[in-house]
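Undergrad: 3D, please:
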Amino acid sequence: MNATDLCALLDHHEIPYRRFDHVAVFTCDEAAREVPFEAEGVQTKNLFLRDGKGRRHWLLVTSCERTVDLRALTSVIGADRLSLGSPERLVRYLGLTPGAVTVFGLVHDSDHAVELVVDRRVWAASHWRSHPLVNTATLVVERSDVERFLALTGHVPRVVDVPSRNRR
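TA: Here you go, the predicted structure:
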């Protein structure tokens, strides 16, 4: 599935969104520069994580304002150790490439091998800004419609207080 297919799926299920096309972005700072100010909602930052043995995988959805403390997050989600998943694992489990990690990648996780963890602050936001499987566009979707998308994929979000560390 590509971004066009994803938008067609959202349209088919009457999940509304606003789409903003832009140059490829790889960081939150780049996204902030490229996504128009009138795009409401929280800009999501998505991390694809794995445990120490590579047996469990998570998609963490937080905001760009957060600097996640992975060491502290391990106890919050019950992992032994956390690290970023490799680009190869990211493709295998979510069909995504680095820079395009998004909650919408769960559409490729039919085996439910990836657990979804959402920062409580993001969950409370009225709208989310997320990539549609590529980093050359951003969709603005109401959180209630994100829930409808997750119901389609069969993923249940685990909403937690994501620990952060101070930026230096």
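Undergrad: and the residue lying closest to Arg81 once chain neighbours are set aside, what pLDDT?
TA: Nearest residue to Arg81, sequence neighbours excluded (CB to CB, 6 or more residues apart in numbering): Gly52, at 3.6 Å. In short, each C-beta sits where N, CA and C put it, glycine included. We have a pLDDT of 87 for Gly52.
Undergrad: Gly52 and Thr74: what is the separation?
TA: Counting by CB to CB, to the nearest Å, the gap from Gly52 to Thr74 is 9 Å.
Undergrad: list the residues that contact both of these two?
TA: Asp80, Arg81, Leu82 (CB atoms under 8 Å, 6 or more residues apart in numbering).
Undergrad: Tell me, how many residues neighbour the first one?
TA: Residues contacting Asp80 under the criterion other CB atoms under 10 Å number 10.
Undergrad: Run a quick neighbour tally on the residue nearest to it when sequence neighbours are not counted.
TA: Leaving aside its sequence neighbours, Asp80 sits nearest to Gly52 (CB to CB, 6+ apart; 4.9 Å). Close neighbours of Gly52, defined as other CB under 10 Å, add up to 12.
Undergrad: and Gly52, what are its phi and psi?
TA: Listed backbone geometry of Gly52 is phi -60, psi -30, with angles given as degrees, to the nearest 10.
Undergrad: How about His131?
TA: In this entry, His131 is assigned phi and psi values of phi -70, psi 150 (degrees, to the nearest 10).
Undergrad: for this structure, longest strand please?
TA: Looking across the chain with DSSP state E, the single longest strand is strand 42-51.
Undergrad: That one packs against which elements?
TA: Judged by 3 or more CB pairs under 8 Å, 6 or more residues apart in numbering; DSSP states H and E, the packing partners of strand 42-51 are helix 28-34, strand 57-63, strand 82-84, helix 87-94, helix 120-123, strand 127-130.
Undergrad: next one: the lowest-mean-pLDDT helix or strand in the chain to chain centre, how far?
TA: For the chain, scoring each helix and strand by mean pLDDT, DSSP states H and E identifies helix 28-34 as the least confident one, at a mean of 84. With CA atoms, centre = their mean, to the nearest Å as the basis, the distance from the averaged C-alpha position of helix 28-34 to the chain average is 16 Å.
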